[in-house]
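A.B. asks: Here is my input, please return the structure:
(one chain, ligands or ions: 1)
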Amino acid sequence: MSVLSGKKVLLGISGGIAAYKTATLVRLFIKAGAHVQVVMTPASKDFVTPLTLSTLSKNPVHSSFYNEEDANAQWNNHVELGLWADLMLIAPATANTLSKMANGNCDNLLIATYLSAKCPVYFAPAMDLDMHKHPSTLSSFELLKKFGNIMIPAETGELASGLSGEGRMAEPENIIAFLEKDLESKLPLKGKKILITAGPTYEAIDPVRFIGNHSSGKMGFDIASKAAELGASVTLISGPTHLKAKNPVINLIRVTSAQQMYDECHKHFKDMDVAICAAAVADYRPKVVAAQKIKKADASLSIELEKTQDILASLGKIKKNQFLIGFALETENEIDNAKLKIQKKNLDLIVLNSLQDEGAGFGKPTNKITFIDKDFVVEPMDLKSKELVATDIMNKVIAYYEK
Ligand code: CTP
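C.D. replies: Residues are numbered from 1 along each chain as shown. Alright, predicted model coming up:
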């Protein structure tokens, strides 16, 4: 899955012949899963039509502050556009537009939007070779880079003038590859290895029956997706669930029983930076698993249970530098019980679910959690979707590494 997936991309097009390539560029962004809005300078419309770009981007194209021919014309809000974007790309960036960007010469919607943007801004220069090496252009490059903008260098080859040299806009495929590489290198959890447990475990009674619970696994899978999105390398160990990993980079290991989950966790834990145990592991399992299906011969049946190993506590015992997060599901004395679990299992952070809170718990799309850290700082959170809870949990991990 591309790092551009779900990103809001604002493409600014200025008036150079390379503008015709932006149709392909928009296609590639959409293919990568990005949302695209386009801002054009008036001159760029001579090289590629707004209709082409609005069709490909599935959004209206903006090119002036308002449409003079429309009696009900609305103001195109450049500030809103600038704030909407996760990233802005000016491609092609002509010598004229680069100079205006460098000097804040705000005479069109594209420059006004650029000056309003709070997101990272990339620019892909495109011009003839002599323009490209002119001192005034070079000084625009330097100024723009000094302001924090990122240059996607022009390529060398045949130019519209018939000359050959440096100045061609980077090919759309190369622009996408450049952006992906740059964004990936800046992800906050790049290089971190995270182990996550999810779902229920099934403890066999006989070949056809088991003891299980209602955990859907959604919380753990959402944490795994978020962690992968933030650049972590994720190992997700899940009990039986119908869920699929959303991101193909997640290493999903499916297990059935608590013992199998324990074994897989211990196989991987040593190499991990973070472990998050979100699984609802069975606390007990049948002491003896019947080899054949148990017949209903008697009026009642007793099954002797024995304790499973506590995976989280066992990881707490052997942890070195790992940041260890556990969950607690409580029905009474929630905070005190959760604090006891932090100490007993040697955790850095616990995510407390109280069944007294509406919207929390198994099988629901929402969760209401309270964070308690190892210094017993208690932080209650609002009721929110499990995806947003996953974001809150990953923000705790990011904050730990930023300390
Ligand atoms: N856990 C685990 N292995 C087990 C049992 C629990 O790794 N055999 C983990 C869960 O993944 C969760 C945490 O321990 O992160 C807390 O689980 P919870 O059921 O709330 O608590 P328990 O420790 O089992 O204690 P109790 O049931 O007595 O409240």
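A.B. asks: Please tell me how far stretch 371-379 is from the chain's geometric centre.
C.D. replies: 26 Å (C-alpha atoms, centre = their mean, to the nearest Å).
A.B. asks: how long is it end to end?
C.D. replies: In stretch 371-379, first residue to last residue: 5 Å (C-alpha to C-alpha, to the nearest Å).
A.B. asks: how about it: buried residues?
C.D. replies: 371-373 (16 or more other C-beta atoms under 10 Å). C-beta: built from backbone N, CA, C; applies to glycine.
A.B. asks: quick one: contacts for A112?
C.D. replies: By C-beta atoms under 8 Å, 6 or more residues apart in numbering, the contact list for A112 reads 65, 78, 106.
A.B. asks: so which of the buried residues of stretch 371-379 would you say is closest to the ligand?
C.D. replies: Nearest to the ligand out of these is I372 (C-beta to the nearest ligand atom; 12.6 Å).
A.B. asks: could you say which helix or strand contains the closest one?
C.D. replies: In the assignment (DSSP states H and E), I372 maps to strand 369-373.
A.B. asks: Quick one: residues in contact with the following helix or strand past that strand.
C.D. replies: Next in sequence after strand 369-373, counting helices and strands by DSSP H and E, comes strand 378-380. For strand 378-380, the surrounding residues in contact (C-beta under 8 Å, 6+ apart) are 335, 370-373.
A.B. asks: let's see 7 Å
C.D. replies: Strand 378-380 is contacted by residues 335, 370-372 when judged by C-beta atoms under 7 Å, 6 or more residues apart in numbering.
A.B. asks: restrict those to those near the ligand?
C.D. replies: With the criterion set as C-beta under 6 Å from any ligand atom, no member of the contacts of strand 378-380 is near the ligand.
A.B. asks: Taking these, tell me the two that lie furthest apart.
C.D. replies: Across the contacts of strand 378-380, no pair lies farther apart than I335 and F371, at 11.3 Å, counting by C-beta to C-beta.
A.B. asks: on that earlier part again, distance to H268 and pLDDT for the contacts of strand 378-380 - can I get that in a markdown table?
C.D. replies: As requested, those are exported to a markdown table (distance: C-beta to C-beta, whole Å; pLDDT from 0 to 100):
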| residue | distance to H268 | pLDDT |
| --- | --- | --- |
| I335 | 31 | 95 |
| T370 | 28 | 96 |
| F371 | 25 | 98 |
| I372 | 26 | 98 |
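A.B. asks: And whichever strand or helix holds I90, what's buried?
C.D. replies: When elements are assigned from DSSP H and E, I90 belongs to strand 87-93. For strand 87-93, a neighbour-count test (16+ other C-beta under 10 Å) marks 87-93 as buried.
A.B. asks: Pairing partners for that strand, with directions?
C.D. replies: The strands that strand 87-93 pairs with in its sheet are strand 8-13 (parallel), strand 121-125 (parallel) (by DSSP bridges).
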